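Colleague: With the sequence up front, the predicted model follows.
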Amino acid sequence: MSALKTLIEDANAKTLDIILRGKPRLIDVAPALNVVPGMTPNLIMHAGPAIEWDRMCGPHKNGVTGAALWEGLASTPEEADQKIRSGEILIAPCHHHVSVGAGAGIISASTPMLVVENATFGNRAYSCISEGGGLRLLKWGAYDETVFKNLTWQAKVFAPVLSKALQASGPIDIRNIISRAVEMGDECHNRSVAATAQFLKEMYAYLVALDMPGEDVKASIKFLVESEHFLLHAIMAAAKAMLVPAEGIDYSTIVTAMSRNGVDFGIKVSSLGDQWFTAPANPVTGLFFRAEWNDSNAAPDLGDSAITEVIGLGGFIQPAAPTVTQYVQGTVQQAIANTLEMQEICAASNPDVRIPAMDFAPGPIGIDIRKVVQTGILPLLDTAITHKEGGLIGAGEVRAPMGCFEAALKAFGQKVAGAQA
Amino acid sequence: MTEQQPSPLFEQTLSVVNIGIDLFAETLRQQSVDVVQVQWSPPATQNEDLMNLLDSLL
């Protein structure tokens, strides 16, 4: 093996070691302004790589506008548009602030954020809290008075209740919850009901013992019970917390972020700094929740939730969640074939994530851009389908586009050629 | 109009080598046809520069 290949293999092994040693723990819920690095009262964050206001897809534009109205930064959509254009309201990707957001990923100063700390390395990452179930939520790029009322209740009532409960319970080990949830039928992206149930099991005793208004506590417990995807957001923050220490490792060809804004699909690679490598986002294939919806209504792939696939969850372990295959009229056999395919582009396997339907084989983890370009096998993501004008309309799966991997590989080649010259 | 004779291929036991997508092999196996599956996929990229780069990196 050449000296360069050895350097790459060693760097990739180091990258995977850092990711796999991560111990993400949920420690708090707090307003974004109080905890997110670089957050300001006039900043609104979104999912995906950076994108100009005029290029944003419908769900992103609606989500940013809705957040501006909810925060009182603007009183009409037109005023929000004008203030965004003038720079009075700022927009930026969640990822640029160590944060992740599902769907359009809309985060503003008052948004309650799940705070996850990687106990191994001491770093923290953040995710907006789940707004609960429903087709019309800010994260799907939909807003109205009902959405605003729920956001305000979450900020003023639910988040303080959960924060107090977390102070009483101490840190919640998200890695352990992921391991058990995968044994219980979650792939931790399109299905996180088992993870959420475990979280509630850990929190319940502390919630009912809180010295807070009983109605607030009851309403908070009811919300958690009814929000079967609640823990997905903590899993996303956990993934980000595991991946940040693995950034910046020279010669590493391992992907440290994948994200989409409904226009561009972007990846980051450990040795290539903060640069996003982008290509057009693909359409999502899947099940539409109502007969009136079809492919023509759908926005292209969007959301920061692809961070779960970066740590080998979601589409990488589909056979762990047979129910999810129904979204694509799939079979467990096809899901197993998909995981075997993902193994071909990954550098390692994760002993903490074992797939029952594959005789408890460890799931693949650590996407190597070299292998993606060599094999032509593209990362498979489980994901939601969003209406191009906002609102959740379905769920399914999508492939990452090849262009971003080819662009990253070219940049990597230029960088190492320079280093070796 | 001449009547076409059936191909001799269909008058003997089939021995199949399937190259690439294994769904075809599996379908034949389900019909009790012996199949040898060869894992193969077309080269992912036709970009010669990327192919050369991969040679030096992987």
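Modeller: Cool, the structure landed.

Colleague: rest of the way, CA atoms for contacts and neighbours
Modeller: OK.

Colleague: so where's the chain shaky on pLDDT?
Modeller: No chain specified, so I'll use chain A. For chain A, the stretches with pLDDT under 70 are A:420-421.

Colleague: think we crossed wires, I meant chain B
Modeller: Short version for chain B, where the test is pLDDT under 70: B:1-2, B:43.

Colleague: which of the residues in stretch A:262-277 are buried?
Modeller: Within stretch A:262-277, the residues that qualify as buried by neighbour count (16 or more other Cα atoms under 10 Å in any protein chain shown) are A:262-272, A:276-277.

Colleague: Serialize these to TSV and add fields for secondary structure and distance to chain B.
Modeller: Supplementary listing: these in TSV, determined by DSSP: H, G, I helix; E, B strand; the rest coil; distance: Cα to the nearest Cα, whole Å:
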residue	secondary structure	distance to chain B
A:262	coil	26
A:263	coil	24
A:264	strand	21
A:265	strand	19
A:266	strand	20
A:267	strand	18
A:268	strand	18
A:269	strand	15
A:270	helix	16
A:271	helix	14
A:272	helix	15
A:276	coil	19
A:277	strand	16
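
Colleague: Most widely separated two among those?
Modeller: A:262 and A:271 (26.0 Å; Cα to Cα).

Colleague: Which residue, neighbours along the chain excluded, lies closest to the residue positioned nearest the centre of chain A?
Modeller: Taking Cα atoms, centre = their mean, the centroid of chain A lies closest to residue A:305, which sits 2.4 Å from it. Spatial nearest neighbour of residue A:305, chain neighbours left out: residue A:102 (5.3 Å); criterion: Cα to Cα, 6 or more residues apart in numbering or on different chains.

Colleague: Then residue A:110?
Modeller: residue A:31 (5.1 Å).

Colleague: For the one you found, name its beta-bridge partners.
Modeller: Residue A:31 has these beta-bridge partners by DSSP bridges: residue A:112.

Colleague: so who does the residue of chain B found nearest chain A touch?
Modeller: Per Cα to the nearest Cα, residue B:44 is where chain B lies closest to chain A, at 4.3 Å. Counting by Cα atoms under 8 Å, 6 or more residues apart in numbering or on different chains, residue B:44 touches A:373-376.

Colleague: Show me which of those is closest to chain B.
Modeller: Looking across the contacts of residue B:44 and measuring by Cα to the nearest Cα, the closest to chain B is residue A:376, at 4.3 Å.

Colleague: which non-adjacent residue is nearest that closest one?
Modeller: According to Cα to Cα, 6+ apart, the nearest residue to residue A:376 is residue B:44 (4.3 Å).

Colleague: Residue 40 - how many residues pack around it?
Modeller: Just going to use chain A. 15 (other Cα atoms under 10 Å in any protein chain shown).

Colleague: Let me rephrase: I mean chain B.
Modeller: Residue B:40 has 12 neighbouring residues, counting by other Cα under 10 Å.

Colleague: Quick check: the residue of the stretch 51-200 of chain A nearest chain B.
Modeller: In the stretch 51-200 of chain A, the residue that lies nearest chain B is residue A:187 (24.8 Å; Cα to the nearest Cα).

Colleague: That residue: which element?
Modeller: Using DSSP states H and E, residue A:187 sits within no helix or strand.

Colleague: Got the phi and psi for it?
Modeller: For residue A:187, the backbone dihedrals (degrees, to the nearest 10) come out as phi -100, psi 0.

Colleague: ok, residues contacting the longest helix belonging to chain B?
Modeller: Across chain B, the longest stretch assigned as helix under DSSP state H is helix B:48-57. Contacts to helix B:48-57, defined as Cα under 8 Å, 6+ apart, come from residues A:4-5, A:8, A:370, A:374, A:406, A:409-410, A:413, B:45.

Colleague: what about the residue nearest to residue A:305, neighbour count?
Modeller: Residue A:102 has 27 neighbours, counted by other Cα under 10 Å.

Colleague: so it makes contact with residue A:139?
Modeller: Yes - contact criterion Cα atoms under 8 Å: residue A:102 and residue A:139 qualify, at 6.6 Å.

Colleague: and chain A, which of its residues are near chain B?
Modeller: A:4-5, A:8, A:370, A:373-376, A:406, A:409-410, A:413 (Cα under 8 Å from any Cα of the partner chain).

Colleague: The same query, at a cut-off of 10 Å, please.
Modeller: A:1-9, A:253, A:370-377, A:402, A:406-407, A:409-410, A:412-414, A:416 (Cα under 10 Å from any Cα of the partner chain).
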